[in-house]
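[1] coords below, sequence missing:
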């Protein structure tokens, strides 16, 4: 007698009997709603027509050429990188230190640090955005660039910490004892033993931080003010007035950057893990 | 002057006294084992010598220089860890050369000494592999080489063989002895496994519940255990309950249920008349002979001066190569075990069991005589 025969509640019976099909339906819908529009977007970036009409008359690389000669778009990418690269560096350093502290030390406020580091994930972006405008620009009077970089760091630190922390928690502290036993002091032990072993996690955290920062829109839009737009803000500005096929192209470029970053993160972590086995 | 001198070493973790006033020495070139059950504090002693734990009280001196308070990386000792702790991100050669690199040995000398070590532990040509590509026994050798290559004054072992199967463990024991002799290094080895400890050590430090029970050579511990714990822990022992009936200058009279038998004074702890005692005898010192088949007890042997004896029935036997171990249900003392070399008995045979009073060890029963302490380590 299988478990399902003992269930008497009809709803429960239905759930038990059709759980697999229901799960499949949910997965298919999620994929459809998430990826179908993206698929259409990618397809439309090759469409010849000047407007968002489906299906297109002809396929072309014309919009890609236009994108490459569009100085405003290229400037937007450069602007984004000048923010994302330093923001990623700061985030990786901060997150690594936070993860190390949470892993190693029992100190007053340890659980608070853990909470504070990850809390920004659940605070509504718009609320933090408004708060940062008030504080960074109103109260502190920081320049736009500094304020945006800080905003990106705040946005990315929680995610990077969540990625980096497990590699610290799973690291065998016995290796550090072995290193010290063999004559390496605290710093050399961290450099030669701890860091190489947590490195995959740190790299993965950094790639995630970069991707998030590169895509960041809400904070940037609030804090950035009237300066050069970042790529997401540039796209937003374009699409507000009319949807050009070039926006499709930029979106595809965007997607490619994000996906390749994630893939890079995954493969680096994997490769390192396999090497350790 | 001893190479390692430990005096009054005490370690408390909160209310728990893990190591309690421990004194011992290790001489240059010795192989000393600290033997004790789980939770006896033996690993804590080792970790204090290595510098991973700070003693609550006491002194540790290496080459006559106090080392308490100095960090592990400044101590001239190297450890072979229980889980080996080989660096997974480095090759075998890099693992072995790690200590030399830290002390600034130039790369070519490092390579040469690493090669020599690989040869010493019989892993020539394994230098470029990663630890994960090696078997358990090979990893043990790498861990050993990584400690030895630094030519430390003292090598510490934290039960590194416990994860190996019996055959490989015995092989590695032999290797350890060979390497210790070849490198002329001093070894301090911690284990709960008396078989390993007896096989490899020059001297043993028996620890229980954080306290030293006895320090001595294997022979001393086996032939003259100072406590019931040591008697039980080092080899097998039979214990028979008795009561002291007289204490005299040349011996102690003990009644184990029949006539009192006088045992030599030298084997006993301080006892007084009416004390409850355990009379302990090694299985190999128990004599077993066939009794009359008719089962008549008419001429059953009784205790006489100089001999303990009774009758019994063979309940179990197991071959152990050259001799056999018998479990005998005796009429007066319950189940005893005996190792017999020449004779052969069948199960249910009636036998007489006897041993000389001169061979026994007598310990006061104070309820805390058995080895154990099954607390966590």
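    Nice, thanks for sending it over. Note that the coordinates shown come from a computational prediction; the quantities given were computed from them, not determined experimentally. Numbers count the residues shown, from 1 in each chain, chains lettered A, B, ... in the order given.
[2] Please name every helix or strand in contact with the helix or strand residue B:231 falls within.
    In the assignment (DSSP states H and E), residue B:231 maps to helix B:228-233. The contact analysis (3 or more Cβ pairs under 8 Å, 6 or more residues apart in numbering or on different chains; DSSP states H and E) places helix B:228-233 against strand B:203-208, strand B:211-217, strand B:276-281, strand B:361-364. Quick note: C-beta positions are derived from backbone N, CA and C, even for glycine.
[3] so how many other residues sit close to residue 29?
    Here I'm looking at chain A. When neighbours are counted by other Cβ atoms under 10 Å in any protein chain shown, residue A:29 registers 10.
[4] Switch to chain B, please.
    For residue B:29, using other Cβ under 10 Å, the count is 13.
[5] How about the contacts made by it?
    Residues counted as contacts of residue B:29 (Cβ atoms under 8 Å, 6 or more residues apart in numbering or on different chains) are B:184, B:185, B:186.
[6] Over to it. Which of the three states is it?
    coil (DSSP: H, G, I helix; E, B strand; the rest coil).
[7] got it, and residue B:55?
    Going by three-state DSSP: residue B:55 is coil.
[8] So which residues of chain A form helices?
    A:10-44, A:62-69, A:71-104, A:110-118, A:125-132, A:144-169, A:174-181, A:186-189, A:195-215, A:218-224, A:231-241, A:245-276 (DSSP state H).
[9] which outside residues touch the fourth one?
    Same thing as helix A:110-118. By Cβ under 8 Å, 6+ apart, helix A:110-118 touches A:95, A:98, A:101, A:102, A:157, A:158, A:161, A:162.
[10] if you set the cut-off to 10 Å instead, what comes out?
    A:94-95, A:98-99, A:101-102, A:105, A:107, A:109, A:119, A:157-162, A:165 (Cβ atoms under 10 Å, 6 or more residues apart in numbering or on different chains).
[11] Residue B:137 reaches residue B:170, doesn't it?
    No: Residue B:137 lies out of contact with residue B:170 (Cβ atoms under 10 Å); the separation is 11.3 Å.
[12] Domains in the chain, by residue range?
    As the question left the chain open, I've gone with chain A. Under the assignment automatic domain parsing, the domains of chain A span A:3-44, A:66-276.
[13] think we crossed wires, I meant chain B
    According to automatic domain parsing, the ranges for chain B are B:4-228, B:229-364.
[14] hang on, the earlier thing: between residue B:137 and residue B:170, which contacts overlap?
    Joint contacts of residue B:137 and residue B:170 (Cβ under 10 Å, 6+ apart) are B:161, B:164.
[15] Could you tell me the least trusted of the domains of chain B?
    Among those, domain B:229-364 has the lowest mean pLDDT, at a mean of 81.
[16] So residue B:189 is in contact with residue B:33, correct?
    Yes: contact criterion Cβ under 10 Å: residue B:189 and residue B:33 qualify, at 4.5 Å.
[17] Now the common contact residues for the two.
    B:42, B:157, B:196, B:197, B:200, B:201, B:204.
[18] Please tabulate these in JSON lines and include neighbour count, distance to chain A and secondary structure as additional columns.
    Formatted as JSON lines, those follow (neighbours: other Cβ atoms under 10 Å in any protein chain shown; distance: Cβ to the nearest Cβ, whole Å; DSSP: H, G, I helix; E, B strand; the rest coil):
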{"residue": "B:42", "neighbour count": "29", "distance to chain A": "17", "secondary structure": "helix"}
{"residue": "B:157", "neighbour count": "25", "distance to chain A": "12", "secondary structure": "strand"}
{"residue": "B:196", "neighbour count": "22", "distance to chain A": "22", "secondary structure": "helix"}
{"residue": "B:197", "neighbour count": "26", "distance to chain A": "23", "secondary structure": "helix"}
{"residue": "B:200", "neighbour count": "21", "distance to chain A": "22", "secondary structure": "helix"}
{"residue": "B:201", "neighbour count": "23", "distance to chain A": "22", "secondary structure": "coil"}
{"residue": "B:204", "neighbour count": "28", "distance to chain A": "24", "secondary structure": "strand"}
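[19] Farthest-apart pair in the residues you listed, please.
    B:42 and B:200 (15.3 Å; Cβ to Cβ).
[20] in the stretch 251-377 of chain B, which spans are strands?
    B:251-255, B:260-264, B:276-281, B:287-290, B:307-320, B:323-330, B:334-340, B:350-356, B:361-364 (DSSP state E, counting those that start in this stretch).
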